[in-house]
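Colleague: Sequence first, predicted coordinates after that:
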Amino acid sequence: MLTITSEILIAYSQCHRKAYFLLFEKEQGITVEHIEILKKREKDHQQDGLNSIATSSSEITLTDVKQLKYLDACISKVNLIFDELQAECDLLCIEQLEEGNLDNLRYEPRIFTGTYSVTKEQKLNLLFIGYLLQKILKTPINKGKIITIYNRYHSVKLENNSKFIEPLINPLKEWVKTSPSEPPPVILNKHCPYCQFQVSCRNKAEQDDDLSLLASMTAKSWHKYHRRGIFTIQQLSYLYRAKRQSKNKKKTVSRHKPELQALSIRTGKIYLQDIPILVRQKVEIFLDIEGIPDQNFYYLIGLLILVRGQVSCFSFWADDLKEEEKIWFQLLEKINLYPESPIYHYGSYEPKALKKLAKRYSEEEHYNIIEKRLINVNHYIYGKIYFPVYSNSLKELGKYLGASWSDNLSSGLQSLVYRYRWEEHKNTKIQRILITYNREDCKALKVLTDFISSLQDIANTNDNIDFVDQPKQFYTKKRRVSS
Ligand code: SF4
């Protein structure tokens, strides 16, 4: 009989297709280095943790409450099985609520992680363990613990576990019963970069010109378009109809339109909703920060400073959390040399990082001063400029405009892997690769900023650029008629 493990349950919560592959397919996809590193950390932490705790027994398979009659205190590595459901519990702690009364026991499952903070997948795993224990022991399981790195204990409520677990388990049980012959469709999502099936799914999506190739396409919108008979980016591109501009056009909030993104990909042109006005200064700063989200730690701050056309790059590196304060003050010192210059960044990551760093090491007013200088370049793009690429990430837009990254390092996730590798061996070559990667991000941001500010001059004459509501053909005709 097929078994529904915690891995499959967690996969189902991330992507139904992934759960299907894990349940029915032999092919296990590619190795995702980031995930492998975390698994190894988890195993090491579990090993160290279990070695330091006195346990009364170990490695048992628990299927019935009777097996626990004469056991007490703590059991390590408990394999829980109930019908077709299975989970591994690192530690099962048992407490007698009344001395000598074996009918009045409290059970608390605990798991070790390879992370510094608790993720929603780890919580789901513990809820599943609680659910199985409840079924096997026929007693409520009220709470459990997640033990993160440095042996930090996080209590998790496990009451009402069935409310979270059954909506995931029931469809999986149905699959086990009916063995569907086809996997659920590809809907690329935020979990894909972490998934072992990413190569085959991406290939399938590209082959099908699937809507989910567009990074802005949510699963909800994907289903909505499918109900309307729109399955491909090509089909989506024909949904856009240019509107004539009314003279009394009201200012509306910019909204990203997937049809326009699709049109841009089909025609290979850049579409402008408006020509963004980005006024440039004689001195400008381009900022990019690298961090480890799990540790809430920022380890590399990169600046590209442009003074009257002269470019200089600066990198502030922290070996560990203790050095984070040092790089924060190095940053302040540098940007305070040019108090009037704008600080360009891309997206919300940098402002959040600066706010946290200011809160940790400075007065809040430090951030308030910096905040006034921050310019998010993404604001000039979102809903205003459509490039013929699948996403508005700095990497995709940068590459489209000619920016490049060396060492095959082209995503935040890969940079995390490099940082983990550096932490293991303190290899200066890896450190250099990360500094170069961060510098190349700053350069790409400048390339993008230069392009946006050049639009005022080139938009009307460049054949690769068109206007959303007044395409050039129409624009020329109209001008000809009125002249
Ligand atoms: S790559 Fe993405 S779509 Fe494919 S199985 Fe994994 S998460 Fe699902």
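Modeller: Arrived safely. These numbers were taken from a predicted model, which means no experiment stands behind them.
Colleague: Locate the closest residue to the ligand within the stretch 251-400 of the chain within the secondary structure: which element?
Modeller: In the stretch 251-400 of the chain, the residue that lies nearest the ligand is Tyr390 (14.3 Å; CB to the nearest ligand atom). Placement of C-beta: from N, CA and C, glycine included. According to DSSP states H and E, Tyr390 maps onto no helix or strand at all.
Colleague: isn't it right up against Leu214?
Modeller: Yes: taking contacts as CB atoms under 8 Å, Tyr390 lies within contact range of Leu214: 5.7 Å.
Colleague: how much space between the most centrally placed residue in the chain and Ala215?
Modeller: In the chain, the C-alpha nearest the mean C-alpha coordinate belongs to Lys190, at 5.9 Å (CA atoms, centre = their mean). Distance, Lys190 to Ala215, by CB to CB, to the nearest Å: 9 Å.
Colleague: circling back to that earlier point, Provide the backbone phi and psi angles at the residue of the stretch 251-400 of the chain closest to the ligand.
Modeller: Phi and psi for Tyr390, reported as degrees, to the nearest 10, are phi -80, psi -20.
Colleague: The nearest residue to it once chain neighbours are set aside and Cys192, how far apart?
Modeller: Excluding its sequence neighbours, the residue lying closest to Tyr390 (CB to CB, 6 or more residues apart in numbering) is Leu213, at 5.1 Å. From Leu213 across to Cys192, the span is 11 Å (CB to CB).
Colleague: So what's the residue count around Trp222?
Modeller: 21 (other CB atoms under 10 Å).
Colleague: And Ser155, by the same measure?
Modeller: 10.
Colleague: Torsion angles phi and psi at it?
Modeller: Dihedral angles (degrees, to the nearest 10) for Ser155: phi -80, psi 140.
Colleague: can you pull the pLDDT of it?
Modeller: On the pLDDT scale, Ser155 is placed at 97.
Colleague: Let me see the contact set for it.
Modeller: 143-145 (CB atoms under 8 Å, 6 or more residues apart in numbering).
Colleague: returning to that earlier point: assess the claim that the residue nearest to Tyr390 and Glu396 are in contact.
Modeller: No: contact criterion CB under 8 Å: Leu213 and Glu396 do not qualify, at 11.5 Å.
Colleague: tell me which parts of the protein are close to the ligand?
Modeller: Residues of the chain found near the ligand (CB under 6 Å from any ligand atom) are 15, 17-18, 186, 188-189, 191-192, 195, 197-198, 201.
Colleague: try 5 Å
Modeller: 15, 17-18, 191-192, 195, 197-198, 201 (CB under 5 Å from any ligand atom).
Colleague: Compare the contacts of Ser155 and tell me which is most surrounded.
Modeller: Gly144 leads these on contacts (other CB under 10 Å) with 27 neighbours.
Colleague: Doesn't that one belong to a helix?
Modeller: No: applying DSSP: H, G, I helix; E, B strand; the rest coil, one finds Gly144 to be strand, outside a helix.
Colleague: Quickly find the element holding the closest residue to it other than its chain neighbours.
Modeller: In space, and not counting its chain neighbours, Gly144 is closest to Pro109: 4.3 Å by CB to CB, 6+ apart. Element membership of Pro109, judged by DSSP H and E, is strand 105-112.
Colleague: what separates the residue nearest to Phe24 when sequence neighbours are not counted from the ligand, distance-wise?
Modeller: Nearest non-adjacent residue to Phe24, counting by CB to CB, 6+ apart: Ser179, 7.1 Å away. From Ser179 across to the ligand, the span is 18 Å (CB to the nearest ligand atom, to the nearest Å).
Colleague: So for Leu213 and Glu396, which sits in the more crowded spot?
Modeller: Neighbours per residue (other CB under 10 Å) separate Leu213 from Glu396, with Leu213 holding more: 19 against 15.
Colleague: residues contacting that one?
Modeller: 188, 205-206, 233, 390.
Colleague: ok now do the residue of the stretch 201-350 of the chain found nearest the ligand, which residues does it touch?
Modeller: Residue of the stretch 201-350 of the chain nearest the ligand, by CB to the nearest ligand atom: Cys201 (3.1 Å). Residues counted as contacts of Cys201 (CB under 8 Å, 6+ apart) are 17, 186, 188, 192, 195.
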